[in-house]
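1. okay, predicted coordinates and the sequence, questions at the end:
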Amino acid sequence: MYGTINITSDRALRIHTYTAPDDGWGVNSHIIELATQTIVIDAQYTLVYGRDVVDYANALGKPISRLYVTHYHPDHLLGAAAFPVPIHALAEVKKKIDLVGDRVAREEHEKFPETIPKHAEKPSLIVTPGRETIDGVKFDFMQLQHAETENALMIGFPEHGILVTQDLIYRGIHVFLGEQAFDTWLEALAHHQSLPYGKILPGHGAPGGPELYDGMRHYLTTARETLVASRDAADFKARMIAAFPAFGGHALLDHEMRFLFPNEEAKA
Ligand SMILES: [Zn+2]
């Protein structure tokens, strides 16, 4: 196996978090292990890591019944062809993937033709925000807006105090800042921190507790100041690496430059 596994458990619920290696941007797929089935949240960046998640889930001895894709970014979507089940997504996320998924796939395929497909898999099942009980476990589907991206799915397990935030929170990995919605993102952090969830499963990096909110707030406020102070893309990258020397995901810093410094496109 290429990735790293962390297990979060509470009574009958076990969640296996698969964290990709650094060339997979440290992105997480969460495998929700229920009594008779597993449910996977997010599909990885490459087919190799997507298959790795499928192999790990199959070894638990229960069928994968659903794949949820939380948002359209390549690291959560492009490994989906490795999964044997249709994709569930919020209506707005499905619309976005239908619109730009293939363009996103093409761009990343050019970087890694061996392991990233030319086309994006499209969601076929719509998630409605609200409660659903699956195999006796309550799921709380939430629609997060204007944080790391315009629309993203979060999943809470209210009876177990576990919250899958996906990219509301990253841990120990450089954060994709392309949409620059710093104010609403910080508000969303404060709002979710006030909810009764003690175990936080982020979109990148290992699970933790409420301290992950503070870490994320620190990263976002530092990045916002650094963005104002930086001369150009290279300067911003160097300053962020210096500010967070232990962080992985330098590829994310490169990925976001054309959004943060659009006038430097030619130089990049
Ligand atoms: Zn991500």
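-> Ah, there it is.
2. Thr133 is in contact with Phe157, isn't it?
-> No: contact between Thr133 and Phe157 fails when scored by C-beta atoms under 8 Å: they sit 11.1 Å apart. Heads up, the C-betas are built off the backbone N, CA and C, glycines and all.
3. list the buried residues for stretch 35-49?
-> In terms of neighbour count (16 or more other C-beta atoms under 10 Å), stretch 35-49 has its buried residues at 37-49.
4. what does stretch 122-136 give?
-> The neighbour-count check on stretch 122-136 (16+ other C-beta under 10 Å) flags 122-123, 127, 135 as buried.
5. list the contacts of it.
-> With contact meaning C-beta atoms under 8 Å, 6 or more residues apart in numbering, stretch 122-136 is reached by 12, 34-37, 39, 66, 68-69, 86-91, 93-94, 97-98, 101, 138-143, 153.
6. now do the end-to-end distance for it.
-> Length of stretch 122-136, first residue to last, C-alpha to C-alpha, to the nearest Å: 29 Å.
7. same check on stretch 21-39?
-> End residues of stretch 21-39 are separated by 22 Å (C-alpha to C-alpha).
8. try stretch 147-156
-> Stretch 147-156 end-to-end distance (C-alpha to C-alpha) = 17 Å.
9. could you shift the numbering so residue one becomes 170, and keep it that way?
-> OK, 170 is where the count begins now, so the last one is stretch 316-325.
10. quick one: is that stretch near the ion?
-> No: using C-beta under 5 Å from the ion, stretch 316-325 stays clear of the ion, with a minimum separation of 7.1 Å.
11. for that stretch, the distance to its chain's centre please.
-> On the basis of C-alpha atoms, centre = their mean, to the nearest Å, stretch 316-325 is displaced by 9 Å from the centre of the chain it belongs to.
12. next: stretch 328-343.
-> On C-alpha atoms, centre = their mean, the centre of stretch 328-343 falls 9 Å from that of its chain.
13. mind listing what the closest residue to Gly172 other than its chain neighbours touches?
-> In space, and not counting its chain neighbours, Gly172 is closest to Tyr187: 4.7 Å by C-beta to C-beta, 6 or more residues apart in numbering. Tyr187 sits next to 172-174, 197-200, 213, 218, 221-222, 225 when contact means C-beta under 8 Å, 6+ apart.
14. please repeat the previous calculation with a cut-off of 6 Å.
-> 172, 174, 198, 222 (C-beta atoms under 6 Å, 6 or more residues apart in numbering).
15. pull the CA atoms of the longest helix anywhere in the chain into CSV?
-> Of all segments of type helix in the chain, defined using DSSP state H, the longest is helix 260-280. Written as CSV, here are the backbone C-alpha positions of helix 260-280 (Å, rounded to 0.1, in the frame of the first residue of the first chain):
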residue,chain,number,x,y,z
ALA,A,260,-26.5,19.0,-7.0
GLU,A,261,-24.2,22.0,-7.3
VAL,A,262,-21.1,19.8,-7.3
LYS,A,263,-22.5,17.5,-9.9
LYS,A,264,-23.3,20.5,-12.1
LYS,A,265,-19.7,21.8,-11.7
ILE,A,266,-18.2,18.4,-12.5
ASP,A,267,-20.5,18.0,-15.6
LEU,A,268,-19.3,21.5,-16.7
VAL,A,269,-15.5,21.5,-16.0
GLY,A,270,-14.6,17.9,-14.9
ASP,A,271,-13.2,16.8,-18.3
ARG,A,272,-11.1,20.1,-18.6
VAL,A,273,-9.7,19.5,-15.1
ALA,A,274,-8.9,15.9,-16.0
ARG,A,275,-7.2,16.9,-19.2
GLU,A,276,-4.9,19.3,-17.4
GLU,A,277,-3.8,16.9,-14.8
HIS,A,278,-3.6,14.0,-17.3
GLU,A,279,-1.0,16.1,-19.2
LYS,A,280,1.1,16.1,-16.0
